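*Asks:* Make a model of this:
(chains A and B)
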There are 2 protein chains.
Amino acid sequence: MPKISWKPGTMVYPLPAVMVSCGNEQTKHNIITIAWTGTICTDPAMCYISVRPERYSYNIIKKTGDFVINLTTKKLAFATDWCGVKSGKDFDKFKEMNLTASKAQKVSSPIIQESPINIECTVKEIKPLGTHDMFIAEVVAINADENFFNKENDVFDLSKAEPICYSHGKYYVLGDLIGKFGFSVEKKKK
Amino acid sequence: MPKISWKPGTMVYPLPAVMVSCGNEQTKHNIITIAWTGTICTDPAMCYISVRPERYSYNIIKKTGDFVINLTTKKLAFATDWCGVKSGKDFDKFKEMNLTASKAQKVSSPIIQESPINIECTVKEIKPLGTHDMFIAEVVAINADENFFNKENDVFDLSKAEPICYSHGKYYVLGDLIGKFGFSVEKKKK
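*Replies:* Numbers count the residues shown, from 1 in each chain, chains lettered A, B, ... in the order given. Model prediction:
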C-alpha cells in the first residue's frame, strides 16, 4: 500500500447529500443542497451545516435562525443535484423541482414533504471558518415518512427509502448491507 | 406521504464510518471508530470529530492535539465495527485487528496504513456540546493509496476502494452510481 502525499483537502467521504429547506413569510423559501453536514452531538441532538456566505440561503438562515435538513433518496437525486447547482436568486426551487413545502412542527422554515426524514433545526451559533461558515444547530423535531415505518416490528427502515450519498464528486445509492453496529462482536446463534 | 412526528434525535444519514487513529510516543496509540464526523470548511480544509469525554481516545487527542481520519472500506468493515465497540483501555487495537501504524507526514498520530485515505488533522478547538465534545480541526496533509490512483487519466478513484457508510445503525457498501455532481444540468452529448 504505497502512499501518495496530497496537499490538505476535503476528503472525508462518503457523506450525506441533504436538501436544506429554509425561509418563511418574511423571506422567500429556498432549498440548498449540502454535503458539509453531520451530527455533532447525541444528547442534546445537534447537527451542523456549513454554507458559503455568498450563497442565497446564507442570509435567509441567518435571519430566520432555523432550517430543515431533508434526507435525500434515489427518487430525489435529480432535485438534489439541481438544487446544489442552481441559485434561489434565479429560481423558485420548490416549484421547478415539483417539491412541496409543508409546515414544520417547531421551526419557521418549511419541510420538503417528499423527503423521508425532515430534521427541524434551530441555529445556536454561526462560526466563520474560511470559505464556509458553520451553522451549529440543535434538532428540535423530526418528521418521518410513515411509508417506511414497519408497524409490525415498530422499526423505521430508512434503507427502504433508498437513501443516497455523495462520495468524491459522485452520488451513489447504498449497496449491500454489511452488518449492524456491533456485528463484529455478536455471538453467533446456534 | 403522511408524516410521523418524532422527538429530536440523530437522523442525518448516511454518514461515513471512519477509523480515527491517535496517540504518540508519550501516550499509547489507539483507534476509535466515529460516525459523527464530516467536512466543515473547504478552504482552509477543515473537519471535525465528536467524541464522548469518557472514551479512551478523548484524553489522548486532547493531549497530543492531533489525530488522523482513516477512511474505511468493505475489507476494513470488521475492524471498523470492532474498534467502535471495544475500548483502547483493554486492547491494543492495531495489534488485535492486524493493522499497521505508520508514520504520518505532519502530525504525531499514526496513520492506518491499510486505509485508502488518511487525513492528518490538527485540533484547533474543543467545543463541549453535551454528551459529545466536538474537535474542530484543520487538515494538514493527506495520504492516498497509490493503488486507487489511475495514472492514465490522473484520477483517484475512491469507489475502487469500496468505501462503506453508516446509515441508521447499519453499515453498507456503496451501490450504483447515480451521477457526477452537476449531472442534472449537463448537456447531453449528441
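
*Asks:* Please name the nearest non-neighbouring residue to the residue of chain A found nearest chain B.
*Replies:* Nearest residue of chain A to chain B (CB to the nearest CB) works out as A:Gly175 at 3.0 Å. (Each C-beta comes from the backbone N, C-alpha and C, glycine too.) Of all residues not flanking A:Gly175 in the chain, B:Gly175 sits nearest, at 3.0 Å (CB to CB, 6 or more residues apart in numbering or on different chains).

*Asks:* what's the angle from the helix or strand hosting that neighbour to strand A:170-180?
*Replies:* Element membership of B:Gly175 [criterion: DSSP states H and E] is strand B:170-180. Relative orientation of strand B:170-180 and strand A:170-180, computed by axes from the mean of the first three to the mean of the last three CA atoms, to 10 degrees: 170 degrees.

*Asks:* For chain A, which residues score under the pLDDT cut-off?
*Replies:* Scanning chain A for pLDDT under 70 picks out A:1, A:189-190.

*Asks:* on that earlier part again, next, the buried residues of the strand holding B:Gly175.
*Replies:* Applying a neighbour-count criterion of 16 or more other CB atoms under 10 Å in any protein chain shown, one finds B:Lys170, B:Tyr171, B:Tyr172, B:Val173, B:Leu174, B:Ile178 buried in strand B:170-180.

*Asks:* right, and the last one touches A:Ile164 too?
*Replies:* To tie it back to what came earlier, the one meant is B:Ile178. Yes - applying CB atoms under 8 Å, one finds B:Ile178 in contact with A:Ile164, separated by 6.3 Å.

*Asks:* Need the residues touching each of these two.
*Replies:* Taking CB atoms under 8 Å, 6 or more residues apart in numbering or on different chains as the contact rule, B:Ile178 and A:Ile164 both touch A:Lys74, A:Ala77, A:Tyr171, A:Tyr172, A:Val173.

*Asks:* near chain B, from these?
*Replies:* The subset of these lying close to chain B, counting by CB under 8 Å from any CB of the partner chain, consists of A:Lys74, A:Ala77, A:Tyr171, A:Tyr172, A:Val173.

*Asks:* Need the nearest residue in space to the third one, chain neighbours excluded.
*Replies:* It stands for A:Tyr171. Nearest residue to A:Tyr171, sequence neighbours excluded (CB to CB, 6+ apart): B:Ile178, at 4.2 Å.

*Asks:* contacting residues around A:Tyr171?
*Replies:* A:Ala17, A:Ala77, A:Thr80, A:Asp81, A:Ile164, A:Cys165, B:Leu177, B:Ile178, B:Gly179, B:Lys180, B:Phe181, B:Phe183.

*Asks:* so how far is B:Gly38 from the residue of chain A closest to chain B?
*Replies:* 21 Å (CB to CB, to the nearest Å).

*Asks:* Where do the helices of chain A begin and end?
*Replies:* Applying DSSP state H to chain A gives helices spanning A:56-64, A:77-85, A:93-96.

*Asks:* list the buried ones in the second one?
*Replies:* Neighbour-count burial for helix A:77-85, with 16+ other CB under 10 Å as criterion, is recorded at A:Ala77, A:Ala79, A:Thr80, A:Asp81, A:Trp82, A:Cys83, A:Gly84.

*Asks:* from what I can see the second one touches A:Ala17, true?
*Replies:* No - distance between A:Ala79 and A:Ala17: 10.8 Å, which falls outside the contact criterion (CB under 8 Å).
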